[in-house]
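**Q** give me the fold of what follows.
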Amino acid sequence: MRAVVTNLWSKLRVENGRVFSRVVVETTRPAPWRVTASGRDRIAMRIDGGVALACGVVPVHDGLLEEVRVTAEQGAEVELSLDHPAHHYLHDEEGVPHRIVVDIDRESLAHVLSGRRIVLAPGHGGGHPGYSGPVNLLEKDVVLAIAADLGRLLSEAGAGVLYTRRTDSGVPWSQRVALAGAGDLYISLHAGAGRSGCATGYPPGSPSSLELARLVLEKLAVKTHLAGGGTYEAPHLADLGPVPAVEVQAVTITDWVEEGLLRSPTFRSKVAQGVFNGLVSYLWRRHGDAARGKPAALIFGKRPPEANTLSGVIPVRTHLVTEGDDLFELVERYTKDVAEPGDVVVLAESMVAITQGRAVPQQSVRPGPLATFLSRFPAKDGSLATPHAMQLAIEEAGAPRVLLGAAAAAVGRPFGRRGDFYRVAGRHLALIDDVAGTMWPYEKHIILGPRDPDRLAGQLKERLGVDVVVVDVNDIRCVDILGASSGVDRRRVSRALLSNPLGNDDQQTPLAVIKGAAVIGRARPVW
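**A** Model prediction:
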């Protein structure tokens, strides 16, 4: 079988105090590759004889690496687009899957951030909560969490970070103004009422602040997939003096959907990353050319490979799955060159549900009084913490069962029991993903659990000739097998999926193949 590019992903990596943007290209087997281009803003490589299952653009937007483009014209070709010039290094990692790794040194960001003092000002605090969401989130709490994420990104890149507050405390405006004088940039973080989407404010008559506001808005909208509400004059920021300043309205917390988004730590980290990207672009435009020792893009060589842990699980990147896709054709297309007899094909439950038409726009749900009342009791980050999701749970299971489940949860809570609601109301209700748990472009949808997963897995096995499972996996080592074809060893499948190789957000890997006969090194089995 030929080498197939099954997946491509990126993350930030810290190694001995240095930070890299890492890009990993995963293939079914080793294949010869070569660098075809290396310039100030791009890196390109070709995998000779390889084929890519999912071509197109993979967005990254991490402040240095903008995107990765995958094509399949003459073999599989991978092109990385950079925002700023940087050194990069390449190496192979043997294993299943085989990996080609590109590490891009983020030292170039330190050239514009090192030594600069950034004042982060999360709005409100203490007895001033700011706006509140329709359910129960408070503006003062979510902006404090965003500030912590943003401060970490800035510190890792070499900037000095000054906070107006790091706890739930009130800070007078006079103190914020005084602290602004000690900084080089001032970033005020809010999530207040207004038009849906993100917006940025700037002090009138400050061209540098207007440029900063425009760049932050641009990068924030791209990273979060939210509509940009434009820039606006914020006269009170003029009190800060000559320091460039921006007021970031990340989302509108008073909006049902956007409050739901703010429940997700992943979304809040995207907000922080978007603001960071805008700050970096502003500083690079202002100071990049004068940055001492600014590196040009350069292939430095192959870094020593790391020890690749035994996996045997091959995540498969797909196109963006929609309800218009035929699930059987989709799975066959993406596994025919990867799965072999003895393997197990793994499907994420949300992908299955979407193709079954079970992604419901939140705005189409009309919560009743019972749903509104019951949604007050789940945890803030729970899947049924909004009236809309609770209403769908009532429609799925019926009001009597949901009421019995709520009563069981209320009785068990004083004794530290958890999960009684779902034990009584129905396990399938635990599969409902509210807007905080969904991916773009379904961030305004509530996704219900899949229908008949056991039957579906059996039908797919007949078509593919390999075993199939439908699973719900999370990042806390919890694997729930919802459906499986005959012959599946559920215990082994659960063990293989503990690291959660599936990703329904930017990863776009809603299916995977567990290699039944893969061996690495000393011929140790996958299991």
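
**Q** care to break this structure down by domain?
**A** For the chain, automatic domain parsing gives the domain ranges 4-105, 111-287, 316-357+449-525, 367-440.

**Q** give me whichever of those domains is most buried.
**A** Highest mean neighbour count of the domains of the chain: domain 111-287, a mean of 20 (counted as mean count of other Cβ atoms under 10 Å). Where C-beta positions appear, they are placed from N, C-alpha and C, glycine not excepted.

**Q** in TSV: the domains of the chain, plus mean pLDDT.
**A** Formatted as TSV, the domains of the chain follow (pLDDT from 0 to 100):
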stretch	mean pLDDT
domain 4-105	89
domain 111-287	93
domain 316-357+449-525	85
domain 367-440	87
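
**Q** who's residue 200 bridged to?
**A** residue 231, residue 248 (DSSP bridges).

**Q** phi, psi for the closest residue to residue 238 other than its chain neighbours please.
**A** In this structure, residue 238 finds its nearest non-sequential neighbour in residue 203, 4.4 Å apart by Cβ to Cβ, 6 or more residues apart in numbering. When read as degrees, to the nearest 10, the backbone of residue 203 gives phi -70, psi 140.

**Q** for the longest helix along the chain, packing partners?
**A** Identified as the longest helix of the chain according to DSSP state H is helix 265-287. Packed against helix 265-287, as judged by 3 or more Cβ pairs under 8 Å, 6 or more residues apart in numbering; DSSP states H and E, are the following elements: helix 107-113, helix 139-156, strand 185-190, helix 207-224.

**Q** and the angle from the third one to helix 265-287?
**A** This means strand 185-190. Interaxial angle, strand 185-190 versus helix 265-287 (axes from the mean of the first three to the mean of the last three Cα atoms, to 10 degrees): 150 degrees.

**Q** contacts for the strand ranked longest in the chain?
**A** Longest strand of the chain, by residue count under DSSP state E: strand 4-15. Residues outside strand 4-15 that contact it (Cβ atoms under 8 Å, 6 or more residues apart in numbering): 19-28, 47, 50-53, 58, 60, 62, 65, 68, 70, 76, 78, 97, 103, 106, 156, 314-317, 337-338, 503, 507, 509, 513.

**Q** partner strands of that strand and their direction?
**A** Strand pairing (DSSP bridges) places strand 4-15 next to strand 18-27 (antiparallel), strand 51-52 (parallel).

**Q** any chance of those in a markdown table, with distance to residue 259 too?
**A** Listed next are the strands paired with strand 4-15 as a markdown table, based on distance: least, Cβ to Cβ, whole Å:
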| stretch | distance to residue 259 |
| --- | --- |
| strand 18-27 | 32 |
| strand 51-52 | 39 |
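
**Q** and of those strands, who's closest to residue 214?
**A** Of all those, strand 18-27 sits nearest to residue 214, with 24.5 Å by Cβ to Cβ.

**Q** any idea which helix or strand comes after that closest one?
**A** strand 33-38 (DSSP states H and E).

**Q** so what secondary structure elements neighbour the helix or strand that that following strand is followed by?
**A** Using DSSP H and E, the next helix or strand after strand 33-38 towards the C-terminus is strand 42-47. Judged by 3+ Cβ pairs under 8 Å, 6+ apart, the packing partners of strand 42-47 are strand 33-38, strand 76-82, strand 98-105.
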